[in-house]
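Chemist: Okay, here's the prediction I keep looking at, along with the sequence it came from:
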Amino acid sequence: MRQSLVVANWKMNGSLSENQSLLNNVKQGFSTVQHAEVAVCVPFVYIQQVSDLLKGSVIAWGGQNMSQQTSGAFTGETSANMLVDFGCKYVIVGHSERRNLYAESDLLVAEKFAQAQSAGLIPILCVGESLIQREAGETENVVQRQLSAVINLQGVASLAQSVIAYEPVWAIGTGKSATSQQAQDVHAFIRGQVSDARVAEHLQILYGGSVKGSNAAELFAMPDIDGGLIGGASLKVNEFLSICQAAR
Ligand code: 13P
């Protein structure tokens with residue numbers, strides 16, 4: 001049985017006062033969450049604040065991106081060790097917004113994945129196709145290419161200390177989630193790509209893309225969907241809590 005995981009991706013949202021009120025309210029309502037492990041991935045500048053607010057709670061925190069480099073002359077970058085310094089457990093790598101808006105290649109994402117693991121972080125590797133790719137029947141090819149960049153660099157065993165998030169680009173921020181069956185099909189495909197059966201069986205595969213309180217239970221009921229990566233709805237206390245409550 002895999003542990004369910006729900007991860008908030010705040011993206012570039014929040015402020016000191018909003019974060020404080022959001023997390024205090026989430027903590028207050030958290031006793032209603034029974035099954036999910038929960039984490040919030042926040043902008044770098046708020047990691048200290050979030051760690052102060054969440055220390056001693058069961059909610060973990062992490063970054064939304066990081067450098068593939070260890071340290072040195074890389075102006076504006078943040079290293080995996082810096083995230084570890086601030087108590088991060090997770091880091092998102094290869095989000096489609098980074099792949100598309102900041103031209104992150106499959107290889108770069110794989111290098112970030114490797115760097116995260118060597119610092120002791122659990123990378124949440126995002127994969128997913130665009131609408132054009134889906135309509136062209138390319139979904140499996142795209143996801144396989146994104147996944148194999150990591151497997152080729154790090155080996156299949158490395159997936160045991162990672163989380164995969166399937167996020168179809170056309171479902172992100174659009175209000176139009178994949179159906180539970182569409183998501184399940186890709187999740188099963190991803191699991192099937194992991195050639196080590198034990199690693200495959202234990203791998204947490206999250207779904208992301210317009211998850212809300214109203215559709216979370218149906219998505220999370222699917223056999224290969226182990227939780228969610230939540231954008232917009234993670235900024236609303238009640239929505240986020242009801243998604244966490246929906247976890248198996
Ligand atoms: P939304 O939940 O806002 O669609 O965003 C999903 C996402 O990109 C999470 O990483």
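Modeler: Noted; the coordinates are in hand. All values derive from a computational prediction rather than experimental measurement.

Chemist: thought Gly231 was touching Gly173?
Modeler: Yes: between Gly231 and Gly173 there is a contact at 6.1 Å, judged by CB atoms under 8 Å. To be clear about C-beta, it is placed using only N, CA and C from the backbone, and glycine gets the same treatment.

Chemist: quick one: which of these two has more around it?
Modeler: The neighbour comparison of Gly231 against Gly173 (other CB atoms under 10 Å) goes to Gly231, with 21 against 13.

Chemist: And the more buried one, how far from Ile172?
Modeler: Taking CB to CB, to the nearest Å as the measure, Gly231 and Ile172 are separated by 7 Å.

Chemist: who touches the closest residue to Gly227 other than its chain neighbours in this structure?
Modeler: With sequence-adjacent residues excluded and distances taken as CB to CB, 6 or more residues apart in numbering, Gly227 is closest to Leu5, at 4.0 Å. The neighbours of Leu5, taking CB atoms under 8 Å, 6 or more residues apart in numbering as the test, are Ala36, Glu37, Val38, Ala39, Val163, Gln204, Leu206, Asp226, Gly227, Ala247.

Chemist: Quick check: the gap between the fifth one and Phe240.
Modeler: It refers to Val163. Separation of Val163 from Phe240 (CB to CB): 18 Å.

Chemist: same thing with the first one?
Modeler: In this structure, Ala36 lies at 11 Å from Phe240, with CB to CB as the measure.

Chemist: neighbour count winner among the two?
Modeler: Under the neighbour definition other CB under 10 Å, Ala36 and Phe240 were set side by side, and Phe240 has more, 27 against 22.

Chemist: Read off the pLDDT value for the residue in the chain positioned nearest to the ligand.
Modeler: Going by CB to the nearest ligand atom, the ligand is nearest to Gly231 of the chain, at 2.2 Å. Gly231 is assigned a pLDDT of 98 by the prediction.

Chemist: In space, what's closest to it - neighbours in sequence excluded?
Modeler: If you skip the residues right next to it in sequence, Gly231 has Asn9 as its closest partner in space, 5.3 Å away by CB to CB, 6+ apart.

Chemist: Run the chain-centre distance for stretch 90-99.
Modeler: Once both centres are worked out by CA atoms, centre = their mean, to the nearest Å, stretch 90-99 turns out to sit 8 Å from its chain's centre.

Chemist: Show me what it is in contact with.
Modeler: Under the contact criterion CB under 8 Å, 6+ apart, stretch 90-99 has outside partners 7, 9, 11, 39, 41, 60-66, 80, 83, 104-106, 109, 112-113, 116, 121-128, 146, 163, 165, 167, 169, 172, 229.

Chemist: which other helices and strands contact the longest helix along the chain?
Modeler: Secondary structure of the chain read by DSSP state H shows that its longest helix is helix 139-154. Helix 139-154 is packed against helix 106-119, strand 122-127, helix 180-193, with contacts defined by 3 or more CB pairs under 8 Å, 6 or more residues apart in numbering; DSSP states H and E.

Chemist: Many thanks, have a good one.
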